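Trainee: Have a look at this fold, sequence not included:
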């Protein structure tokens, strides 16, 4: 049995920031990630981030990852285990890991779960043909391995990810034939959509894919218009010659470990799936288990980083660690989250969070 003070599950933006903050407060941290390298989605992001200077605005995602990894390398109280999968979180507080075929047990005093999210998919005829990818897979091929996935693409989904990946595809020399969006309006930032349109790519709203066509691989895609009940309208079909169909229709929180740990869970469309109830310190209904990033509700990477700092601070404070300015840092992090959650999307996210917010013991005692 390996004793651990704080176990951070996931080495993406939320997990890295949680580890850094907890370590800066003096705790010993073990970061576990199933991938060969830390960084999560950040290492796939070649675009510059929005937000403020505190969230590394105007810095490219892979550069942000390197900044965070450099900090971790300088901290002697952070241990990293890559190519390692967390198999379970049990009621006796034990976490089980698998690394290189070996079964490992650890006994953390606190846990930060930052497992992120998985891509949603779509059901349509021939959706199992080679050449049909999730947007994350396309980013991995291009931005991690330098592999061009094909020559002509249909992008399904005009959220931020769909728009950004479309632009990255064009930068790699891939022709984007069209972007289709089932909703009446584009879901991503207009600055991304405008950039795509200036390059001559049509964006069809209230459209979706009807079917993929091909024998050994994708050869064509058929799209059609949707009615007010989200059903396809016969006679509106458009046939596109493409060899890639890229699906970017949202993410679902990867919350299986939280279910197993017995955390209170609730399905919230505002947060993209089943998410854990948590207090203002990001502690779940199970004492000592904290959450941050997309596993607690799908948002932008900037929000995941801020939540990571907050969860790391809260986990370290749970073990009795503190800084001279802990209170001020916490208030600043909360203010950063408020700033990031503005506009209609932010209102929806705040509504979802409010419906599962647990009153912390500290807040209850203050009110009493």
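Mentor: Cool, got the structure. Model, not experiment: these values are computed from the prediction. Numbering: from 1, shown residues only.
Trainee: Quick one: low-confidence residue ranges for this protein.
Mentor: 360-368 (pLDDT under 70).
Trainee: domain parsing for it?
Mentor: Following automatic domain parsing, the chain resolves into domains at 2-118+251-367, 121-247.
Trainee: Adding mean neighbour count, write the ones you listed out as a markdown table.
Mentor: Every residue, glycine included, has its C-beta placed from N, CA and C. Listed next are these as a markdown table, based on neighbours: other C-beta atoms under 10 Å:
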| stretch | mean neighbour count |
| --- | --- |
| domain 2-118+251-367 | 19 |
| domain 121-247 | 18 |
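Trainee: Residue 28 reaches residue 77, doesn't it?
Mentor: Yes: Residue 28 is within contact range of residue 77, at 4.8 Å (criterion: C-beta atoms under 8 Å).
Trainee: State whether residue 258 is indeed within a strand.
Mentor: No: Residue 258 is assigned helix when assessed by DSSP: H, G, I helix; E, B strand; the rest coil, not a strand.
Trainee: Quick one: residues contacting it.
Mentor: By C-beta atoms under 8 Å, 6 or more residues apart in numbering, the contact set of residue 258 is 89, 113, 265, 276, 284, 289, 291, 295.
Trainee: correct me, but residue 290 touches residue 314?
Mentor: Yes: in this structure, residue 290 is within contact of residue 314 by C-beta under 8 Å, at 5.6 Å.
Trainee: Need the overlap of contacts for those two.
Mentor: 281-283.
Trainee: Please name the nearest non-neighbouring residue to residue 238.
Mentor: Excluding the flanking residues, the one nearest residue 238 by C-beta to C-beta, 6 or more residues apart in numbering is residue 223, at 5.2 Å.
Trainee: Which strand residues bridge that neighbour?
Mentor: residue 209, residue 238 (DSSP bridges).
Trainee: ok, now how distant is residue 45 from residue 359?
Mentor: Relative to residue 359, residue 45 is positioned 36 Å away (C-beta to C-beta, to the nearest Å).
Trainee: how about the helices in the stretch 51-200 of the chain?
Mentor: 61-73, 135-139, 160-171, 190-198 (DSSP state H, counting those that start in this stretch).
Trainee: in what helix or strand does residue 313 lie?
Mentor: Residue 313 belongs to helix 301-318 when elements are defined using DSSP states H and E.
Trainee: the inter-axis angle of that helix versus helix 61-73?
Mentor: Orientation check (axes from the mean of the first three to the mean of the last three C-alpha atoms, to 10 degrees): helix 301-318 against helix 61-73 gives 20 degrees.
Trainee: who's in contact with the helix or strand just after helix 301-318?
Mentor: For helix 301-318, the succeeding helix or strand toward the C-terminus, using DSSP H and E, is helix 326-340. Under the criterion C-beta under 8 Å, 6+ apart, residues 25, 51-52, 54-55, 280, 299-300, 302-303, 306-307, 309-310, 313, 317, 323, 346 lie in contact with helix 326-340.
Trainee: at 7 Å instead, please
Mentor: 51-52, 54, 300, 302-303, 306, 309-310, 313, 317, 323 (C-beta atoms under 7 Å, 6 or more residues apart in numbering).
Trainee: Closest one to residue 213 out of the residues you listed, please.
Mentor: Of all the contacts of helix 326-340, residue 300 has the smallest distance to residue 213: 35.1 Å, by C-beta to C-beta.
Trainee: From residue 192, how far out is the closest one?
Mentor: Residue 300 sits 12 Å away from residue 192, going by C-beta to C-beta.
Trainee: Who does residue 60 form a beta bridge with?
Mentor: Residues in beta-bridge contact with residue 60 (DSSP bridges): residue 48.
Trainee: Next up, the contacts around it.
Mentor: Contacts for residue 60 (C-beta under 7 Å, 6+ apart) come out as 45-48.
Trainee: Kindly report the same for residue 180.
Mentor: 156, 204, 207-209, 223.
Trainee: mind putting those residues in JSON lines, distance to residue 166 included?
Mentor: Shown next, in JSON lines, are those (distance: C-beta to C-beta, whole Å):
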{"residue": "156", "distance to residue 166": "11"}
{"residue": "204", "distance to residue 166": "13"}
{"residue": "207", "distance to residue 166": "15"}
{"residue": "208", "distance to residue 166": "16"}
{"residue": "209", "distance to residue 166": "15"}
{"residue": "223", "distance to residue 166": "15"}
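Trainee: Nearest to residue 139, out of those residues: which one, please.
Mentor: residue 156 (15.1 Å).
Trainee: which residues does that closest one contact?
Mentor: So residue 156 contacts 122, 180, 209, 245-249 (C-beta under 7 Å, 6+ apart).
Trainee: Quick check: residue 186 vs residue 269, distance?
Mentor: Counting by C-beta to C-beta, the gap from residue 186 to residue 269 is 19 Å.
Trainee: just the strands in the stretch 151-300 of the chain please.
Mentor: 152-156, 175-181, 203-205, 207-213, 220-225, 238-241, 244-247, 251-253, 265-268, 273-276, 289-291 (DSSP state E, counting those that start in this stretch).
Trainee: Which one of those lies nearest to residue 145?
Mentor: strand 244-247 (15.7 Å).
Trainee: packing partners for that closest one?
Mentor: When contacts are defined as 3 or more C-beta pairs under 7 Å, 6 or more residues apart in numbering; DSSP states H and E, strand 244-247 sits against strand 132-134, helix 135-139, strand 152-156.
Trainee: possible to save the ones you listed as TSV with distance to residue 71?
Mentor: Converted to TSV, those look like this (distance: least, C-beta to C-beta, whole Å):
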stretch	distance to residue 71
strand 132-134	30
helix 135-139	24
strand 152-156	35
